[in-house]
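Student: My questions concern the predicted model and sequence given below.
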Amino acid sequence: MFSLLNTLVEKNKKYGREGKVASYIPALSEANPDELGIYVVDSRGKEYYSGDYNAKFTIQSISKIVSLILAIRDNGRENVFKKVDVEPTGMGFNSIVNLEASDSGKPYNPMINAGAIVTTSLIDGKDVNEKLEKILEFMRTVTNNDDISVNERVYLSEKETGNRNRALAYFMKSTGVLDGDVEEILDLYFKQCSIEVTARDLARFGAVLANDGVIPWTNEKFIPKDVCRIVKTIMVTCGMYDASGDFAVKVGIPAKSGVGGGILATVPRKFGIGIYGPSLDEKGNSIAGINIITDLANELDLSIF
Ligand code: GLN
């Protein structure tokens, strides 16, 4: 496996030159587009890696999986899906038109910004700090990494420039989909997006989901199996934004991307996969990341379909 990963990193690095690092959050524009790293954790917890697997980056939209899991844990699945649907959008992750067009006023799904702002708003806690601590604790457990924390520079950069997310949130407040203090909800959303991780952290989290919520290295049942199933299903239909259909055909693995360049993928009962490649395609997915996981899925016959 190590030599396969080395070969695939060398082969796919070049794609970094064909995309662009995100710049709409100014602090993200400093990333090196040539970096590419991959980390794989199998169902017994054995780990394989290559390339820039140790590089740190912010989790961004991959945190949407965490807020969905915690929202379900705190409210039950019916109450969560009263506020957010589970349908693909065919539109960009920060689309505004979609929100007004939806009959119910609910965001289409929890993997776009509007949907994640709703799931974040449903996490219980007395203030932003307590809610953030719950998110960080969850992340530390599923990554086996006590150092997980927020990158303050990215957080402040996103908070300063996040007007599109403000527009989505205030619109949802006006329609009654969002309850509570909008600025506080956004503050927590910006913080959760700015949690710093490596490809290894994402691979371990992916391995927990692959293992139906049981942590491979402790055997603790951490996430209920039915919640894992819901999350993995929504990852297939919506996890790669409006490229999810193409990704399902080409790769066929539940996955979630973020504009920091990360991809978390989870192959049921087999592997958790974490990828870092900050250069993005026009949909906001890691360009070298998509290419390397396509090759890996073909080599190991990983498609779930
Ligand atoms: N923090 C980013 C935003 O809200 C997350 C988007 C993403 O990773 N696609 O715009």
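Tutor: Yep, that arrived. These numbers come from a predicted model, not from an experiment. Numbers count the residues shown, from 1 in each chain.

Student: Mind jotting down where the helices sit in the stretch 151-300 of the chain?
Tutor: Per DSSP state H, counting those that start in this stretch, the stretch 151-300 of the chain carries helices over the ranges 152-161, 163-175, 182-193, 199-210, 225-238, 244-250, 287-300.

Student: Same question for the fifth one: list its buried residues.
Tutor: Applying a neighbour-count criterion of 16 or more other Cβ atoms under 10 Å, the buried positions in helix 225-238 are 227-228, 230-232, 234-238. C-betas here are computed from N, CA, C, even on glycine.

Student: Same list (these) but as a markdown table, adding pLDDT and distance to the ligand.
Tutor: Listed next are these as a markdown table, based on pLDDT from 0 to 100; distance: Cβ to the nearest ligand atom, whole Å:
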| residue | pLDDT | distance to the ligand |
| --- | --- | --- |
| Val227 | 98 | 22 |
| Cys228 | 98 | 22 |
| Ile230 | 97 | 20 |
| Val231 | 98 | 17 |
| Lys232 | 98 | 19 |
| Ile234 | 97 | 15 |
| Met235 | 98 | 14 |
| Val236 | 97 | 17 |
| Thr237 | 96 | 16 |
| Cys238 | 96 | 12 |
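
Student: want to throw those residues into a markdown table with distance to Ala101?
Tutor: Listed next are these as a markdown table, based on distance: Cβ to Cβ, whole Å:
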| residue | distance to Ala101 |
| --- | --- |
| Val227 | 29 |
| Cys228 | 31 |
| Ile230 | 24 |
| Val231 | 25 |
| Lys232 | 27 |
| Ile234 | 20 |
| Met235 | 24 |
| Val236 | 23 |
| Thr237 | 18 |
| Cys238 | 16 |
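
Student: surely Ser257 meets Pro278?
Tutor: No. With contact defined as Cβ atoms under 8 Å, Ser257 does not count as touching Pro278 (11.5 Å).

Student: Packing partners of the worst-scoring helix or strand of the chain on mean pLDDT?
Tutor: When the helices and strands of the chain are scored by mean pLDDT, DSSP states H and E, helix 97-101 comes last with a mean of 87. On a contact count with 3 or more Cβ pairs under 8 Å, 6 or more residues apart in numbering; DSSP states H and E, helix 97-101 meets helix 163-175.

Student: so the helix it packs on versus helix 152-161, what angle?
Tutor: Counting by axes from the mean of the first three to the mean of the last three Cα atoms, to 10 degrees, helix 163-175 lies at 60 degrees to helix 152-161.

Student: wait, which of the helices of the stretch 151-300 of the chain is closest to Glu133?
Tutor: Closest approach to Glu133 among those (Cβ to Cβ): helix 182-193, 10.7 Å.

Student: So which bits of the stretch 101-250 of the chain are right by the ligand?
Tutor: By Cβ under 6 Å from any ligand atom, the residues of the stretch 101-250 of the chain that approach the ligand are 113, 158, 165, 193.

Student: any idea which of the residues you listed has the most stuff around it?
Tutor: Using other Cβ atoms under 10 Å as the neighbour criterion, Cys193 leads those with 29 neighbours.
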